[in-house]
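Participant: got a structure for you, letters missing:
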């Protein structure tokens with residue numbers, strides 16, 4: 001799990017948990033593979049190495065919240081936030 005201070009200083013992050021997303025939410029935000037189980041298609045994200053692509057945004061009125069743009073490869077991008085920080089850790 002990444003803290004707000006680590007998100008503000010680190011530049012590389014490793015995805016340590018799989019993301020279970022609905023197919024309608026899977027457009028362009030994470031690299032997806034489709035796996036068919038019992039006539040239901042379940043998208044699974046592969047663990048990837050992400051890098052910071054911008055400045056960490058913080059708020060004075062909500063000090064525990066943060067938002068950091070992250071990128072994987074050439075076209076995959078998303079945000080590291082206080083809600084999904086348990087899916088990532090700082091890469092060495």
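Facilitator: Looks like it arrived, so ask away. Note that the structure is predicted; figures quoted are calculated from it, not measured.
Participant: The nearest residue to residue 82 once chain neighbours are set aside and residue 7, how far apart?
Facilitator: The shortest distance from residue 82 to any non-neighbouring residue, by CB to CB, 6 or more residues apart in numbering, is to residue 65 (4.9 Å). (Glycine included, C-beta is placed from N, CA and C.) Distance, residue 65 to residue 7, by CB to CB, to the nearest Å: 11 Å.
Participant: next one: residue 61
Facilitator: Residue 61 is 18 Å from residue 7, by CB to CB.
Participant: the more surrounded of those two?
Facilitator: With neighbours defined as other CB atoms under 10 Å, residue 61 and residue 7 compare such that residue 7 has more, 22 against 5.
Participant: Now do the contacts for that one.
Facilitator: If a contact means CB atoms under 8 Å, 6 or more residues apart in numbering, then residue 7 has 56, 66, 68, 80, 85 as its contacts.
Participant: For beta bridges, what are the partners of the fourth one?
Facilitator: Think residue 80. Beta bridges link residue 80 to residue 68, judged by DSSP bridges.
Participant: Run a quick check on residue 70 versus residue 48, I expect a contact.
Facilitator: No: using CB atoms under 8 Å, residue 70 makes no contact with residue 48, being 9.9 Å away.
Participant: okay, the two: which has more neighbours?
Facilitator: Remark: of residue 70 and residue 48, residue 70 carries more neighbours, 22 against 15, as counted by other CB under 10 Å.
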